[in-house]
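[1] Return a 3D structure for these sequence lines:
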Amino acid sequence: MFVFETFEGAMSLFAQVNYIGQNNCIFYATTAVPTKALMFGAVGGIVSGMNNAANNRNWAAYLLNVNELGFGILPFESTNGLGIKAENLAPRFDQFFYIPYQQLASVTVKRYTIGSSIKRVIIEMTNAPKFDLLVQVKQNRMPYHEGCFKAFCDFYGKK
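    Below is the predicted model:
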């Protein structure tokens, strides 16, 4: 079991960075590699990774809490090898990122590929690098994720 497997566990992580609201919508995401970068194979992936690192967006995964305060984004680093498994992720409380609604330029939610159960979430801010994330619609090991992400998509998805 990992700490954010339950909603209460996820809330305990956000409590450690003082980011608890009245209506917390918490879901899990990973960093997206742009499709254009994938077209260029390993070199494209490396260049994309270098760009993400320069913008401090090179973490293995993120836990997002969207509430009345704004967007709270808690990055995770992988503690074991190349694969991203939730049980091998460690929160980076020192890298917690808060985006108040006043700094949001846009939030886009779209399908990653046709027929995919993965969504791409792009969070753009004024005067800051964007977050480009992938979210698997269903996370069997995190029962709260699906309902929270659906609520997020209902609000920020195509109207």
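
[2] When you work out contacts or count neighbours from here on, use the C-alpha atoms and nothing else.
    Noted.

[3] Residue 91 reaches residue 76, doesn't it?
    Yes: with contact defined as Cα atoms under 8 Å, residue 91 and residue 76 form a contacting pair (4.4 Å).

[4] which one of these two has more residues nearby?
    residue 76 (22 against 19; other Cα atoms under 10 Å).

[5] Okay, that one and residue 156: tell me how far apart.
    Residue 76 sits 24 Å away from residue 156 when distances are taken as Cα to Cα, to the nearest Å.

[6] ok, residues contacting stretch 91-98?
    16, 17, 70, 71, 72, 73, 74, 75, 76, 77 (Cα atoms under 8 Å, 6 or more residues apart in numbering).

[7] Check for me that the second one belongs to a helix.
    What that stands for is residue 17. No: counting by DSSP: H, G, I helix; E, B strand; the rest coil, residue 17 is located in no helix; its state is coil.

[8] Give me the neighbour count for it.
    14.

[9] residues touching it, list them.
    Here residue 17 is in contact with 93, 96 (Cα under 8 Å, 6+ apart).

[10] please redo it, this time with the cut-off set to 7 Å
    residue 93 (Cα atoms under 7 Å, 6 or more residues apart in numbering).

[11] quick one: which helix or strand includes the residue most central in space within the chain?
    Nearest to the mean C-alpha position of the chain, counting by Cα atoms, centre = their mean, stands residue 29 at 3.5 Å. If you go by DSSP states H and E, residue 29 is part of strand 25-31.
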